[in-house]
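*Asks:* Below are the sequence and a predicted model; questions follow.
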Amino acid sequence: MHLYIVTGSSRGLGAALVEQLIQPEHTVIGIARRSNPALKAEQWALDLAEPLRAAERLQAWLRANNGWASATLINNAALLSAPGPLAATDLADLSAALRVGLEAPTLLSRVFLAETTSVPQRRILNISSGLGRRAMAGSAAYCAVKAGLDHLSRALALEEPAVGVVSLAPGVIDTDMQTRLRSADPARFPEQARFQGLKQGGQLQTAEATAAAVLRYLVKPDFGQNIVADIREA
Ligand SMILES: NC(=O)c1ccc[n+]([C@@H]2O[C@H](COP(=O)([O-])OP(=O)(O)OC[C@H]3O[C@@H](n4cnc5c(N)ncnc54)[C@H](OP(=O)(O)O)[C@@H]3O)[C@@H](O)[C@H]2O)c1
């Protein structure tokens, strides 16, 4: 059996990934605060803003379940604090965004790497963003989280040469996250109009099409060769 652990599985890209990963030879575990009743996968209702709890749950589960032909961790969950300048962002929202976006992937990766050493093929796919590579005013914490994921991936690839590690920007996807960006207050968020234009110009990909492209990327024989990657250039 092939194991897939996908965070942010309740909606958006994560839900589409889980749906497309469900196959007879796959064990798929989704992690999010809410379960998605449409998904026929095991789902853990966990708040990744409490990453230690989530990592300990994964650690206990991996210790009790082994013998996998391959194991893949997809750190997909992210939380966007209300778009606006850092100085005006709610402190608790900011803290949650940093913990969900960067602390949780770091702790989950740590547990995954330590508990799957006997699995012949292992991959960590971090879902990054173009904003990890291009700074944007109004989303400083999100930019920092995604740049952090990119660099975490580079360092992990050095530590774990036998594990495929990629930080992948998935392109612009028609999900709740985009709704949040284009409905933000333009007085606080200078790029709001650009996000409205992307939607109006039909430039958003569906979550389903993006998930299919991400999963094609995941099975590429040279997965991990290019650690910081962009699906639009794949
Ligand atoms: N949409 C885009 O245009 C775009 C562009 C570049 C990169 N990305 C990246 O692609 C990934 C997926 O984005 P998306 O657009 O699908 O986002 P989304 O629609 O906002 O979905 C986010 C997912 O993360 C989960 N999540 C949020 N806070 C959580 C928490 N505290 N604990 C556990 N799970 C939590 C949500 O589940 P619950 O709310 O049920 O917890 C949901 O399943 C993210 O990493 C995002 O940064 C997206």
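*Replies:* Here it is on my side, so go on. Treat the numbers as computed from the prediction; the structure is a model and nothing was measured.
*Asks:* part of a helix, is residue 73?
*Replies:* No: with DSSP: H, G, I helix; E, B strand; the rest coil as the criterion, residue 73 is located in strand rather than a helix.
*Asks:* elements contacting the longest helix anywhere in the chain?
*Replies:* When the chain is parsed with DSSP state H, its longest helix is helix 140-159. Under the contact criterion of 3 or more C-beta pairs under 8 Å, 6 or more residues apart in numbering; DSSP states H and E, helix 140-159 touches helix 91-98, helix 104-115, strand 121-127, strand 164-169, strand 228-230. (Each C-beta comes from the backbone N, C-alpha and C, glycine too.)
*Asks:* helices or strands up against the shortest one?
*Replies:* Judged by 3+ C-beta pairs under 8 Å, 6+ apart, strand 228-230 is in contact with helix 140-159, strand 164-169.
*Asks:* Output these as CSV; include the columns distance to the ligand.
*Replies:* Output for those, formatted as CSV (distance: least, C-beta to the nearest ligand atom, whole Å):
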stretch, distance to the ligand
helix 140-159, 7
strand 164-169, 6
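*Asks:* before we move on, the earlier item: how about the longest helix of the chain, which residues are buried there?
*Replies:* 140-150, 152-153, 156-157 (16 or more other C-beta atoms under 10 Å).
*Asks:* Need the contact partners of it.
*Replies:* 75, 78, 80-81, 85-86, 89, 94, 97-98, 101-102, 105-106, 109, 113, 124, 126-129, 131-133, 135-136, 163, 165-167, 224, 227-228 (C-beta atoms under 8 Å, 6 or more residues apart in numbering).
*Asks:* Residues of the protein that sit close to the ligand?
*Replies:* 8-14, 32-34, 47-49, 76-79, 100, 127, 129, 170, 172-173, 175-178 (C-beta under 6 Å from any ligand atom).
*Asks:* check contacts around the closest residue to the ligand within the chain.
*Replies:* In the chain, the residue that lies nearest the ligand is residue 12 (2.2 Å; C-beta to the nearest ligand atom). For residue 12, the contact set (C-beta under 8 Å, 6+ apart) comprises 173, 175, 176, 177, 207.
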